[in-house]
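[1] sequence isn't available, so here's the structure alone:
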């Protein structure tokens, strides 16, 4: 079976370029990663308003990457992602490590143009719900709803296509899972996480795959008020955002 055929079994949702791989790494690999992340020098952490992060692989500039070699404990994972997905034209060379406390998230955003349009996110620690929403350019074209658009084909998509392809959705990301998205899911949607220790995962495009994991019942319960499926974030989550910067420059001053 080819890499493409294996990956096909992990496709989720209506967007054909979204893949969720549960238990991508073992408990031992997760512990090894977390130990190395926690053991990094304090100076490696960059504090942000609602989280902190580590940057590995070098400085991403608008014209490319001023590279630094990835440590071996990271290349073991990035090589596995590269080889098992078959979606990157060359080895992953940049990793951002984000740490989120239970009440922390990240605003909806899109990765910059310096990256090859594929991103792989390895999730460690606490589970979380990641929300995807159509890029604002589609809302500007179609209005707040399709009914308000006098010409839905002005953006190159009919109303049926809009209903099918450009509506918000969410992904339930369990510990040790890998989320990969590319092409339409990468360029036509923003992705983010709400700053809330309680998140609803009902209707997540990968709910069945995530619920099949043995630890799911310990981490969620139904909301007694409305019966919604609620995820209670009570641990720190760490994510590894693995990407490829195609243009690599050895000297910033030669850009």
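    All right, it came through fine. Small disclaimer: the values here were computed from a predicted structure and weren't measured.

[2] tell me the SS of the most centrally placed residue in the chain?
    Ranked by distance to the mean C-alpha position of the chain (CA atoms, centre = their mean), the top residue is residue 121 at 4.4 Å. Under DSSP: H, G, I helix; E, B strand; the rest coil, the three-state class of residue 121 is strand.

[3] ok, the residue lying closest to it once chain neighbours are set aside - contacts?
    Using CB to CB, 6 or more residues apart in numbering and skipping residues adjacent in sequence, the residue nearest residue 121 is residue 179, 4.7 Å away. In this view, the C-beta of every residue, glycine as well, is placed from N, C-alpha and C. Residues in contact with residue 179 (CB atoms under 8 Å, 6 or more residues apart in numbering) are 18, 19, 20, 21, 120, 121, 123, 130, 171, 173.

[4] tell me which of the residues you listed fall in helices.
    Among these, DSSP state H puts none in helices.

[5] got JSON lines for those residues, with pLDDT and distance to residue 183 too?
    Output for these, formatted as JSON lines (pLDDT from 0 to 100; distance: CB to CB, whole Å):
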{"residue": "18", "pLDDT": "95", "distance to residue 183": "10"}
{"residue": "19", "pLDDT": "96", "distance to residue 183": "11"}
{"residue": "20", "pLDDT": "97", "distance to residue 183": "16"}
{"residue": "21", "pLDDT": "96", "distance to residue 183": "18"}
{"residue": "120", "pLDDT": "98", "distance to residue 183": "14"}
{"residue": "121", "pLDDT": "98", "distance to residue 183": "16"}
{"residue": "123", "pLDDT": "98", "distance to residue 183": "21"}
{"residue": "130", "pLDDT": "97", "distance to residue 183": "18"}
{"residue": "171", "pLDDT": "97", "distance to residue 183": "16"}
{"residue": "173", "pLDDT": "96", "distance to residue 183": "20"}
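
[6] my guess is residue 201 contacts residue 231, does it?
    Yes: using CB atoms under 8 Å, residue 201 is in contact with residue 231, at 5.1 Å.

[7] more neighbours: which of these two?
    residue 231 (25 against 22; other CB atoms under 10 Å).

[8] ok, that one - contacts?
    If you count contacts by CB under 8 Å, 6+ apart, residue 231 has them with 127, 128, 129, 172, 198, 199, 200, 201, 219, 220.

[9] and which of these is nearest to residue 37?
    Top of the list for closeness to residue 37, among these and by CB to CB, is residue 128 at 16.7 Å.

[10] dump the residue contacts of that closest one.
    Residue 128 touches 100, 105, 173, 193, 199, 231, 233, 237, counting by CB under 8 Å, 6+ apart.

[11] what's the local residue count around the first one?
    Which is residue 100. Using other CB under 10 Å: residue 100 sits among 23 other residues.

[12] then the fifth one?
    Residue crowding around residue 199 was assessed by other CB under 10 Å; the count is 22.

[13] quick one: it from residue 110, how far?
    Between residue 199 and residue 110 the distance, using CB to CB, to the nearest Å, works out to 21 Å.

[14] give me phi/psi at the residue nearest to residue 62 when sequence neighbours are not counted?
    Among residues not flanking residue 62 along the chain, residue 114 sits closest, at 6.4 Å (CB to CB, 6+ apart). Main-chain dihedrals, residue 114, degrees, to the nearest 10: phi -70, psi -20.

[15] ok, residue 114 - contacts?
    Contacts of residue 114 by CB under 8 Å, 6+ apart are 60, 61, 62, 63, 64, 65, 245, 247.
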